[in-house]
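**Q** Task: produce atomic coordinates for the following.
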Amino acid sequence: PVTFALEVGAEVVSSLANELGLSESNARQFALALLALTWFPVIHRNTLVKGVEIDPDDRESLKLFATGLLRGALG
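**A** Next up, the predicted model:
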């Protein structure tokens with residue numbers, strides 16, 4: 001499982017670099033930010049996410065939130 005995860009991670013970084021014209025370093029950072037934005041509401045669904053009155057089950061709202069931040073990062 002760890003080897004597969006490493007292979008997937010390398011593929012994600014490579015794809016982001018190629019598709020978005022990012023350096024490998026920026027692609028790594030972008031991949032981590034993307035993971036953090038999409039995984040955070042799942043991990044903290046019963047703590048911080050509800051504490052700031054965001055419905056962790058409202059996928060459309062979470063998608064718009066993440067998409068807006070990522071579009072802003074890409075300029």
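**Q** thought Ala17 was touching Ser25?
**A** No - in terms of Cβ atoms under 8 Å, Ala17 does not count as a neighbour of Ser25; the distance is 9.3 Å. All C-beta atoms are positioned from the backbone trio N, CA, C, and that covers glycine.
**Q** More neighbours: these two, which one.
**A** Taking other Cβ atoms under 10 Å, Ala17 and Ser25 do not tie; Ala17 has more neighbours (18 against 10).
**Q** And the more buried one, which helix or strand is it part of?
**A** helix 2-20 (DSSP states H and E).
**Q** Does anything pack onto the following helix or strand past that helix? Which helices or strands?
**A** Downstream of helix 2-20, the first helix or strand assigned by DSSP H and E is helix 24-43. If you count contacts as 3 or more Cβ pairs under 8 Å, 6 or more residues apart in numbering; DSSP states H and E, helix 24-43 packs onto helix 2-20, helix 59-74.
**Q** For helix 24-43, which outside residues touch it?
**A** For helix 24-43, contacts defined as Cβ atoms under 8 Å, 6 or more residues apart in numbering pick out 9, 12-14, 16-17, 20, 22, 49, 54, 56, 62, 65-66, 69-70, 73.
**Q** ok, of the residues you listed, which come out buried?
**A** The neighbour count (16 or more other Cβ atoms under 10 Å) marks 12-13, 16-17, 22, 49, 54, 56, 62, 66 as buried among the contacts of helix 24-43.
**Q** could these be laid out in TSV, adding pLDDT?
**A** Formatted as TSV, the buried ones among the contacts of helix 24-43 follow (pLDDT from 0 to 100):
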residue	pLDDT
Val12	94
Val13	96
Leu16	92
Ala17	95
Leu22	92
Val49	83
Ile54	81
Pro56	82
Leu62	82
Ala66	82
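**Q** Point to the residue nearest the middle of this protein.
**A** Leu34 (1.7 Å; Cα atoms, centre = their mean).
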